[in-house]
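Colleague: Please work out how this folds:
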Amino acid sequence: MKIDRQLRQLAGLNGVQTSFVDAANQRQAATPEVLAGVLAALGVPASNEAEIRDSLRASRLRPFRRGIEPVIVAWEKRDTKITCHLPPKLASKRLKIGLQFEGGREEELAAPARAIGTREMERERFTSREFHLGKLPLGYHTLEIVAGNSSYRTLILSAPVKSFADASKGKRWGAFLPMYAAHSKASWGAGNVSDWERLSQWIGSQGGTVAGTLPLLAGFLDYPICEPSPYSPASRLFWNEFYLDITKIPEFASCREAQKLVASKKFQNRLRCFRRDEIIDYREQWAARRSVLELLAKYFFSKASPRRAEFEQFLRERPDVNEYAAFRATCEKLKTSWQNWPQRLREGRLRENDYAAAARRFHLYVQWLAHGQMAELVRRSEQNGVELYLDLPLGVNPDGYDVWRERDSFALGANAGAPPDLFFSKGQDWGFAPLHPRRIRELGYRHVLDFLRFQMQHARLLRIDHVMGLHRLYWVPRGFEARQGTYVNYPAEELHAIFNLESRRHRTRLVGENLGTVPKEVNRAMARHGLLGMYVTQFEQRLEPEAALAKPPKLSVASLDTHDTPMFAAFWPGDDLLERVRLGLLRSDELKAAKADRKQLNAALAAFLKKQTFLKTRKAGAREVLGALLAWLKAQGPEIVLVSLEDLWLEKRPQNVPGTSTEHPNWRRKARLTLEELFHDQRLSRLLPT
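Modeller: Below is the predicted model of the structure:
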């Protein structure tokens, strides 16, 4: 009993929740084995009584021995109180307190530090002293406290309480479609940047101002794996070159070898197959695209060009791309995950003979191209009054560059996931290492800032996948089943401060994906910091005809569905329930009752929409109800109504079925209509909430 009590004390000191309330509102206690596994992933030994005792002492002493917290939030226009802890030999020393502002200016604080008490911790004595910073300019500042020959440093996050918002834009609507699905007659079997530019222009012509898509980040499509999921990127710091429009690359216009390859009968036959296929074969499509891009890269590096100066400037602005290119080239040479590389390579010490020089140059070249085409997409879309709405995935592929390069920022001994709920009775293991909450603080949030800034340079709206992860995240220790995990707390106020500050600087509106089991403190924090939430009608339907739908909050993105839910045309007749039975997520003997419940919900919704004059008859079909729902949403005044374009033609197949892999072609299905067909079908345009 003593060991169990001490283990739970140790968990609490390290931000590990010893129990949590599940989706059924039942409290679940984490087992000692799970707590020990999660603590081990945090770098806190707890496998036996001696380790637990030693770790308890170290955890209690950590904040005192450090002297001052590694990061402190100073909210805009508020006085900030700082507390530092000093050992006896420094307790009587005069403190020299210096503040280095972002940008380099330095200032010494004149106000003295006031002693506020002495405390003994684990037989060590510390004196605490307190002082005030006053109101600081927004930014990232460094505070240094010098006492005798000792010094203590901390990062001050001086941040606005609210994230960026532009009230002048008013209430608006936009459209959603994965970029890979947005194919045209000219594209090579999947959508590309030029297709998306055309789609954004069409959205603007219909009165929309938002074009939303899935993450467009770098992915593995050949070595060491082929992973089509946009939520398992190889990096959150670079673009996915799969989306390049190769025909728009300047070198293509003058490289005869590339032109000859594309014009060849064999290549054109491949393109015809790609265009005809309903499901994208990423490995095959990327192999075809890469064969052309490699010729263009070889051509580019073989001769002087006015574009070479632009390329060199890009490398100066993004020096990390050199290492990224070397990493990808090494992956291709060794054809295995970095976790299986020799020790020197695993530790990040790459040499020129570790990879093919041509492969490294290729990755430099395609990243430069992707950077240019994405920047041009943003520029042209905004000229048409349309803002790009991107998605920031919660994690990264464990075999990817970010984990290899920034492994100190990750807890490699656990995977992120979700506990069992009504939809996933066995829980979920998402297969990627979570960020380490203590180490990211100690590293000054370096990696978090890098991936945030990369996205916000291009996105005027940014959806934060699983926004609850700013507060807590469910960890599954390696070797355990998905149901055998618990939550780990994160420094939420510090993360919100960073997100707020960067959103203000980049003028990026933040959207938090707060669907599912959401602790109350998360929604309260989102409201306090001005983030938009998500409102999805599938989750909001009620049986009462007088109140079949609650009014969406003003600070929300409202939609009928998401990329992770059934399409409207499948949800309305209950076809998604049949799919749930097929996947083992719903028992066959429960199907009849589930369909009856859905029928009642829909009847209440139809009556509700008819009473509010958005629907002519309660017996309307799916298309009429869809149009009425979109019109109702627009009339309620959420900040954004987001329309899934596939809903307009009553698509039933989802882009993703959570919890599946081989059972469903997730992230690979092209839209049933080409862009040309969409643009010319006036019946579809009339359903938009203009």
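
Colleague: Helices of the stretch 251-400 of the chain, residue ranges please.
Modeller: Secondary structure of the stretch 251-400 of the chain (DSSP state H, counting those that start in this stretch): helices located at 256-263, 265-276, 282-302, 307-317, 320-334, 343-346, 357-383.

Colleague: just the stretch 551-690 of the chain next, same as before
Modeller: Counting by DSSP H, counting those that start in this stretch, the stretch 551-690 of the chain has helices at residues 568-571, 575-582, 591-611, 622-636, 645-648, 675-680, 682-685.

Colleague: weakest of those by average pLDDT?
Modeller: For these, the weakest mean pLDDT is recorded on helix 575-582, namely a mean of 89.

Colleague: nearest spatial neighbour of Pro250, skipping sequence neighbours?
Modeller: Arg307 (6.5 Å; C-beta to C-beta, 6 or more residues apart in numbering). The C-beta positions use only the backbone N, C-alpha and C, and glycine is treated the same way.

Colleague: domain parsing for the chain?
Modeller: 2-64, 77-159 (automatic domain parsing).

Colleague: Throw the helices of the stretch 551-690 of the chain into a markdown table and include distance to Leu555 and mean neighbour count, thanks.
Modeller: Shown next, in a markdown table, are the helices of the stretch 551-690 of the chain (distance: least, C-beta to C-beta, whole Å; neighbours: other C-beta atoms under 10 Å):
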| stretch | distance to Leu555 | mean neighbour count |
| --- | --- | --- |
| helix 568-571 | 24 | 23 |
| helix 575-582 | 29 | 18 |
| helix 591-611 | 23 | 16 |
| helix 622-636 | 13 | 20 |
| helix 645-648 | 23 | 24 |
| helix 675-680 | 30 | 17 |
| helix 682-685 | 28 | 12 |
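
Colleague: returning to that earlier point: give me the number of residues near the residue nearest to Pro250?
Modeller: As a burial measure, Arg307 scores 13 neighbours (other C-beta atoms under 10 Å).

Colleague: Then Gly212?
Modeller: By other C-beta under 10 Å, 27 other residues sit near Gly212.

Colleague: what do you get for Gln259?
Modeller: 15.

Colleague: and the nearest residue to it once chain neighbours are set aside, what does it touch?
Modeller: Closest residue to Gln259 apart from its sequence neighbours, by C-beta to C-beta, 6+ apart: Phe252 at 7.0 Å. Neighbouring residues of Phe252 by C-beta atoms under 8 Å, 6 or more residues apart in numbering: Ile246, Ala258, Gln259, Val292, Leu296.

Colleague: out of those, which are buried?
Modeller: Buried members of these, counted by 16 or more other C-beta atoms under 10 Å: Ile246, Ala258, Val292, Leu296.

Colleague: where in the stretch 401-550 of the chain is pLDDT low?
Modeller: Across the stretch 401-550 of the chain, nothing is flagged by pLDDT under 70.

Colleague: who's sitting farthest from the centroid in the protein?
Modeller: Ser92 (47.8 Å; C-alpha atoms, centre = their mean).

Colleague: circling back: dump the buried ones among the contacts of Phe252 to JSON lines, plus pLDDT and distance to Leu532.
Modeller: Below are the buried ones among the contacts of Phe252 laid out as JSON lines (pLDDT from 0 to 100; distance: C-beta to C-beta, whole Å):
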{"residue": "Ile246", "pLDDT": "98", "distance to Leu532": "36"}
{"residue": "Ala258", "pLDDT": "98", "distance to Leu532": "44"}
{"residue": "Val292", "pLDDT": "98", "distance to Leu532": "40"}
{"residue": "Leu296", "pLDDT": "98", "distance to Leu532": "40"}
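
Colleague: Could I get those residues in CSV, plus columns for distance to Glu107?
Modeller: Shown next, in CSV, are the buried ones among the contacts of Phe252 (distance: C-beta to C-beta, whole Å):
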residue, distance to Glu107
Ile246, 53
Ala258, 57
Val292, 56
Leu296, 52
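
Colleague: Find the nearest non-adjacent residue to Tyr365, please.
Modeller: Counting by C-beta to C-beta, 6+ apart, Tyr365 lies nearest to Ala297, which is 4.2 Å off, once chain neighbours are set aside.

Colleague: got a pLDDT number for that neighbour?
Modeller: Note on Ala297: pLDDT of 98.

Colleague: thinking again about what came up before, between the helices of the stretch 551-690 of the chain, which one is closest to Ala375.
Modeller: helix 675-680 (21.8 Å; C-beta to C-beta).

Colleague: on contacts alone, who are the packing partners of the closest one?
Modeller: In terms of contacts (3 or more C-beta pairs under 8 Å, 6 or more residues apart in numbering; DSSP states H and E), helix 675-680 is packed against helix 193-205.

Colleague: tell me which residues in the helix it packs on are buried?
Modeller: Val193, Ser194, Asp195, Trp196, Glu197, Arg198, Leu199, Ser200, Gln201, Trp202, Ile203, Gly204.
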